[in-house]
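> based on what follows, work out the 3D shape:
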Amino acid sequence: MAYFPLFVDLKNKNILIVGGGKVAFRKIMKLIPFEGKITIVAPEICFELGNFLEENKNIIFKKKTVDIDDIKEAFMVISATNDKKVNNFVANTCKSLSIPVNSVDDIENCSFIFPAIVKRGNFVAGLSTEGKAPEIAAYLKEAIGCAVPENIEQVIENIGLLRQELKLTVPEQTVRAQIIHSVLDYYKRNSFTANYQSLKKEMDNILESISTKI
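Numbering: from 1, shown residues only. Purely as a prediction, here's the structure:
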């Protein structure tokens with residue numbers, strides 16, 4: 001069974017990390033760019049995570065064993081321990097409270113998969129093999145990262161602005177989509193180096209061509 005990819009807004013959401021080892025540290029590093037409110041609960045933390053917390057005071061660390069009070073206020077939970085009993089407790093508690101939970105390397109205790117992520121500004125790609133072959137997801141992550149234009153943030157910004165302008169003048173969504181596809185083809189032919197003004201001119205030319213045919 002394949003998992004449905006669902007992109008979720010994590011900004012200011014309570015994210016609980018159970019465990020303080022290197023695996024927990026790696027998960028935290030992936031989550032940081034999405035601006036959630038992270039709380040770590042663990043009896044001990046690794047050296048790398050300790051150093052990171054020294055520089056990131058906004059992350060809460062509770063030096064203790066996890067309990068239901070830690071879990072019930074969470075929007076999402078990641079259990080990154082090597083203790084099966086802890087993982088089972090966290091997973092069962094989350095499921096009883098309808099809280100999404102990921103238990104690292106323990107697919108039976110997961111209600112969602114933590115994907116391999118490619119993120120550059122507003123561009124985000126998530127890759128998963130249902131936990132069967134994470135090495136494949138990592139390989140594809142590298143391949144996609146190499147294929148994405150270095151200035152993808154500016155590309156998205158430019159196309160987004162053009163779409164907003166089109167909405168003011170072209171009511172039909174299908175026509176707008178065709179125009180944007182044509183502009184994008186122009187963008188690609190110019191190796192995504194065209195500036196906004198030249199893109200706008202190309203769009204205006206396309207609009208003029210369409211209006212001439214009507």
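> use CA for all of it now, contacts and neighbours both
Will do.
> report the contact partners of the residue nearest the centre of the chain.
For the chain, residue 124 is the residue whose C-alpha lies nearest the centre (Cα atoms, centre = their mean; 5.3 Å). With contact taken as Cα atoms under 8 Å, 6 or more residues apart in numbering, residue 124 is in contact with 117-118.
> next, the buried residues of the helix or strand where it lies.
Element membership for residue 124 (DSSP states H and E) is strand 123-127. Neighbour counts using 16 or more other Cα atoms under 10 Å place 125, 127 of strand 123-127 among the buried residues.
> for stretch 189-209, same thing?
For stretch 189-209, burial by neighbour count (16+ other Cα under 10 Å) applies to 192, 196, 199-200, 202-203, 206-207.
> what sits up against it?
149, 151, 155, 158, 162, 179-180, 183, 186-187.
> give the closest residue to residue 23 in space, chain neighbours not counted.
residue 80 (6.2 Å; Cα to Cα, 6 or more residues apart in numbering).
> wait, the one you found sits on residue 104?
Yes: counting by Cα atoms under 8 Å, residue 80 touches residue 104, with 5.4 Å between them.
> looking at these two, which has the bigger crowd around it?
residue 80 (25 against 20; other Cα atoms under 10 Å).
> confidence score at residue 154?
Looking at residue 154, its pLDDT is 94.
> in the helix or strand in which it is found, what counts as buried?
Residue 154 belongs to helix 152-169 when elements are defined using DSSP H and E. By neighbour count with 16+ other Cα under 10 Å, helix 152-169 contains the buried residues 154-155, 158-159, 162-163, 166.
> is it possible to export those residues to a markdown table including distance to residue 88?
Shown next, in a markdown table, are the buried residues of helix 152-169 (distance: Cα to Cα, whole Å):
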| residue | distance to residue 88 |
| --- | --- |
| 154 | 44 |
| 155 | 45 |
| 158 | 47 |
| 159 | 46 |
| 162 | 50 |
| 163 | 48 |
| 166 | 52 |
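> what bridges to residue 78?
Beta-bridge partners for residue 78, by DSSP bridges, are residue 17, residue 102.
> quick check: it touching residue 16?
Yes: between residue 78 and residue 16 there is a contact under Cα under 8 Å: 6.3 Å.
> all helices for this structure, in order.
Ranges of helices within the chain are 22-31, 47-55, 68-71, 84-96, 134-147, 152-169, 173-189, 196-213, based on DSSP state H.
> just the angle between the last one and helix 152-169, please?
Going back to what we said before, that points to helix 196-213. Relative orientation of helix 196-213 versus helix 152-169 (axes from the mean of the first three to the mean of the last three Cα atoms, to 10 degrees): 30 degrees.
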